[in-house]
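>>> What follows is a predicted structure for the sequence shown.
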Amino acid sequence: MSLKFIKNYSIMPIIPPQNVAMKLFLDTANLDQVREIASWGILDGVTTNPSLVAKEEGADFKETVMAMCGLVNEVSAQVTGETFEEMKVQAEQYSSWHKNVVVKVPMTVEGLKTLNYCTSKGIHTNTTLVFSVSQAIMAAKSGATMISPFVGRLDDLGEDGMDLIADIMKAWEHYKFDTQVLVASVRNLDHVTRAATLGAHISTIPYKVFKVLPQHDLTDKGLKKFMEDWESVQSK
Ligand code: G3P
């Protein structure tokens with residue numbers, strides 16, 4: 001090995017990672033589920049929506065959201081108004097609850113007006129029900145903090161929902177939007193894997209799928225063998 005090579009090698013900079021890893025959100029309105037997954041130490045956020053909230057009978061929405069904000073950095077709470085005026089009031093109300101609240105706004109014209117308003121007020125937003133690149137671009141131009149393309153619901157129609165994520169990520173390469181792409185309506189492990197390989201910024205994952213993420217048959221088999229071998233050493 002030449003001295004020159006060693007010299008060059010010794011001054012080679014450590015290349016920093018291109019980006020932080022994809023953020024992992026839990027898609028739920030159930031506080032116990034958030035407590036459990038947050039205890040793993042890798043949960044970045046939670047997304048709720050009116051349908052998920054409806055499943056948690058008797059739970060107070062504001063209390064649930066605030067408790068979740070104590071566990072993770074970003075909690076999406078969806079407005080239910082239909083007009084800009086209605087959504088604006090709710091956006092102000094939700095964002096006053098806790099600094100970790102992200103106001104979830106539907107991808108409608110009234111929603112775009114709300115997104116622009118929230119951007120001007122420094123309120124973080126998540127644009128929900130995104131099904132096309134044109135919708136994604138309009139939400140990004142409105143300054144949305146994140147957009148939620150629903151992949152599972154496109155799969156339900158016989159399309160490949162992840163194609164939409166690929167197209168949006170391609171558009172983002174050209175325009176360098178700050179808006180984060182949050183893969184929503186995730187139904188299986190493959191959605192999460194493909195979201196990561198496409199460089200999506202966030203995946204929001206239902207509890208059942210989240211529980212599958214740390215698992216692999218070969219990990220279980222390998223660990224069983226290690227333990228058996230360790231036992232045999234102890235008994236000698
Ligand atoms: O985050 C959006 C998600 O909750 C929608 O999922 O399964 O109802 O399409 P799904």
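That came through fine.

>>> all helices of this structure, in order?
For the chain, the helices defined by DSSP state H occupy 3-10, 31-38, 50-55, 61-69, 84-97, 109-121, 133-141, 151-156, 161-175, 189-197, 207-212, 217-234.

>>> What are the buried residues along the longest one?
Of the residues in helix 217-234, none count as buried by neighbour count, 16 or more other C-beta atoms under 10 Å. C-beta: built from backbone N, CA, C; applies to glycine.

>>> Over to stretch 103-121?
For stretch 103-121, by 16+ other C-beta under 10 Å, it's 103-108, 110-119.

>>> Check stretch 184-192 too.
When burial is assessed from 16+ other C-beta under 10 Å, stretch 184-192 yields the following buried residues: Ala184, Ser185, Val186, Arg187, Asn188, His191, Val192.

>>> what's the closest non-adjacent residue to Thr119?
Nearest-residue entry for Thr119: Gly143, 3.1 Å, with adjacent residues in sequence omitted and distances by C-beta to C-beta, 6 or more residues apart in numbering.

>>> measure that neighbour to Glu86 for me?
Spatial separation of Gly143 from Glu86 under the definition C-beta to C-beta, to the nearest Å is 20 Å.

>>> What of Asp156?
From Asp156 to Glu86 the distance is 29 Å (C-beta to C-beta).

>>> now swap in Ala21 and tell me
Distance from Ala21 to Glu86, by C-beta to C-beta: 37 Å.

>>> Between these two, which has more neighbouring residues?
Taking neighbours as other C-beta atoms under 10 Å, Ala21 and Glu86 compare with Glu86 leading, 14 against 10.

>>> which residues touch Trp172?
Under the criterion of C-beta atoms under 8 Å, 6 or more residues apart in numbering, the neighbours of Trp172 are Thr179, Val181.

>>> Just the pLDDT at the nearest residue to Val151 once chain neighbours are set aside, thanks.
What sits nearest to Val151 in space, not counting adjacent residues and going by C-beta to C-beta, 6+ apart, is Gly161, at 2.9 Å. Per-residue confidence at Gly161 stands at 98 (pLDDT).

>>> Kindly report the same for Leu189.
The predicted local confidence for Leu189 comes out at a pLDDT of 98.

>>> contacting residues around it?
The contact partners of Leu189, by C-beta under 8 Å, 6+ apart, come to Val209, Val212, Leu213.

>>> swap the cut-off to 10 Å and go again
Under the criterion of C-beta atoms under 10 Å, 6 or more residues apart in numbering, the contact partners of Leu189 comprise Ile205, Val209, Phe210, Val212, Leu213, Gln215.

>>> Kindly provide the distance from it to Thr64.
With distances defined as C-beta to C-beta, the gap from Leu189 to Thr64 amounts to 27 Å.

>>> Please apply the same query to Val53.
In this structure, Val53 and Thr64 are separated by 8 Å, where distance is defined by C-beta to C-beta.

>>> what is in contact with those two at once?
Residues touching both Val53 and Thr64 comprise Ala29, Asn30, Ala77, with contact defined as C-beta under 10 Å, 6+ apart.

>>> Can you read off the backbone torsions of the residue nearest to Thr119?
Note on Gly143: its backbone torsions stand at phi 90, psi 20 [degrees, to the nearest 10].

>>> What score does it have for pLDDT?
The per-residue pLDDT reported for Gly143 equals 97.
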